[in-house]
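[1] take a look and give me a structure for this.
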Amino acid sequence: MKFRAKIVDTACLNHFTRVSNMIAKLAKTCTLRISPDKLNFVLSDKVANGGVSMWCELEQENFFSEFQMEGVSAENNEIYLELTSENLSRALKTAQNARALKVKLTNKHFPCLTVSIELLSVSSSSRVVTHDIPVKVIPRKLWKDLQEPTVPDADVSDARRHHILNGVIWIL
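    Below you'll find the model as predicted:
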């Protein structure tokens, strides 16, 4: 398994940070599903116990200038990682005025998501801040519990009231 991605666009970096912050506020842990064309954040707490379920999909071409991944096998070209969402959110807080953000799956005595942030400095040189976020690799047999939910078709109707006053229709 290999994963490496890079964000250089400031707007994309800020959007990615806001998504991470939102997820950190919703749940303690989240699942990161990495596929060749998408990055998904999955929250699947037990709704019966007051938990939140969520599926957030980020198209890699819209966020990342570089995106390379190799899944567990050619036929299962995906990676599922469980991580503490607050750790990712905290790591991305240092990226507010960053030049670039790199995310890489590493093994430093345990699996990590290494987040490297290239910061601008007063001089023309740049500094790199690195955060290692511990992750748990989710085995393939548990992937079926983390699939995209089916969403029913929306049913929208216009229920505004109409009042006729002196020949003019007022819509409230």
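[2] can you classify Gln96 by secondary structure?
    Secondary structure assignment for Gln96 (DSSP: H, G, I helix; E, B strand; the rest coil): coil.
[3] return the distance of it relative to Ser85.
    Taking CB to CB, to the nearest Å as the measure, Gln96 falls 18 Å from Ser85. Where you see a C-beta, it was placed from the backbone N, CA and C, and this is true even at glycine.
[4] neighbour count for these two, which is higher?
    Ranked by neighbour count (other CB atoms under 10 Å), Gln96 and Ser85 place Ser85 first, with 23 against 12.
[5] got phi/psi on the more buried one?
    Torsion angles at Ser85 (phi, psi; degrees, to the nearest 10) stand at phi -60, psi -30.
[6] my read is that it contacts Met22, right?
    No: taking contacts as CB atoms under 8 Å, Ser85 lies outside contact range of Met22: 9.4 Å.
[7] what bits of this protein have low per-residue confidence?
    45-51, 149-151, 157-172 (pLDDT under 70).
[8] the residue nearest the centre of it is in what secondary structure piece?
    Nearest to the mean C-alpha position of the chain, by CA atoms, centre = their mean, lies Phe41 at 4.5 Å. Here Phe41 sits within strand 38-44, counting by DSSP states H and E.
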